[in-house]
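here is a sequence together with a model predicted from it:
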Amino acid sequence: MSNNPPMNVFDIAGRAMSAQLVRLNATASNMANAGNVTGSAAEAYRAIKPVFESVTETPGVSTVKVKNVVTTNAEPTKRHDPNHPLADANGDVWEAAVDGNAELIDMIETARMYQNNVQVLNTAKSLMMETIRIGK
């Protein structure tokens, strides 16, 4: 049995916001590296993604945490550019394995989920303040 107090709405939303922040940071890293080129497929940047895990302390009380951040299996794009300073002996460079459109969609989705949790916190705060006001 845990000595920690049970999770409340602030813990649940806060943990969810932390998980979404990790997701947003991963997306930002991917976007920052989109279009980067290297001289070999092994050196090319591959997108990273967080892996979420559900955390349930008691039935009906659940939140999320980041279990791990993994590198995707996407293959970098080979492009023939013999004038590029990083080109290999065949004149090829490899572009980062990042789908910019998918990353933008992920960024919008993440921002919306984060905002939803902010709204949960604001609603809980308003309800608590109203309860205190009624009690006076």
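All right, it came through fine.

how close does S62 sit to D11?
According to C-beta to C-beta, to the nearest Å, S62 and D11 sit 11 Å apart. Glycine gets a C-beta too; all of them are placed from N, C-alpha and C.

P76 too?
Taking C-beta to C-beta, one finds P76 at 41 Å from D11.

same check on T58?
12 Å.

more neighbours: these two, which one.
D11 (16 against 8; other C-beta atoms under 10 Å).

so the more buried one, which of the three states?
helix (DSSP: H, G, I helix; E, B strand; the rest coil).

what sits against the residue nearest to it when sequence neighbours are not counted?
In space, and not counting its chain neighbours, D11 is closest to T63: 7.1 Å by C-beta to C-beta, 6 or more residues apart in numbering. T63 sits next to M7, D11, I12, R15, A16, S54, V55 when contact means C-beta atoms under 8 Å, 6 or more residues apart in numbering.

apply 7 Å and report the result again.
M7, I12, R15, A16, V55 (C-beta atoms under 7 Å, 6 or more residues apart in numbering).

what's the closest of these to M128?
I12 (15.0 Å; C-beta to C-beta).

that closest one - nearest residue in space that isn't next to it in sequence?
T63 (4.4 Å).

before we move on, the earlier item: helix, strand or coil for the residue nearest to D11?
T63 ends up strand, using three-state DSSP.

what packs against the longest helix anywhere in the chain?
Using DSSP state H, we find that the single longest helix of the chain is helix 100-135. Here helix 100-135 touches helix 9-33, going by 3 or more C-beta pairs under 7 Å, 6 or more residues apart in numbering; DSSP states H and E.

over the helix it packs on, what's the mean pLDDT, rounded is fine.
Mean pLDDT, computed over helix 9-33, is 95.

do stretch 59-66 as well
89.

identify each buried residue in that stretch, please.
Residues T63, V66 are the ones in stretch 59-66 that count as buried (16 or more other C-beta atoms under 10 Å).

same deal with stretch 90-105?
D92, V93, W94, E95, A96, A97, V98, E103.

which outside residues touch that stretch?
27, 30-31, 33-41, 44-47, 72, 74-82, 84, 86-87.
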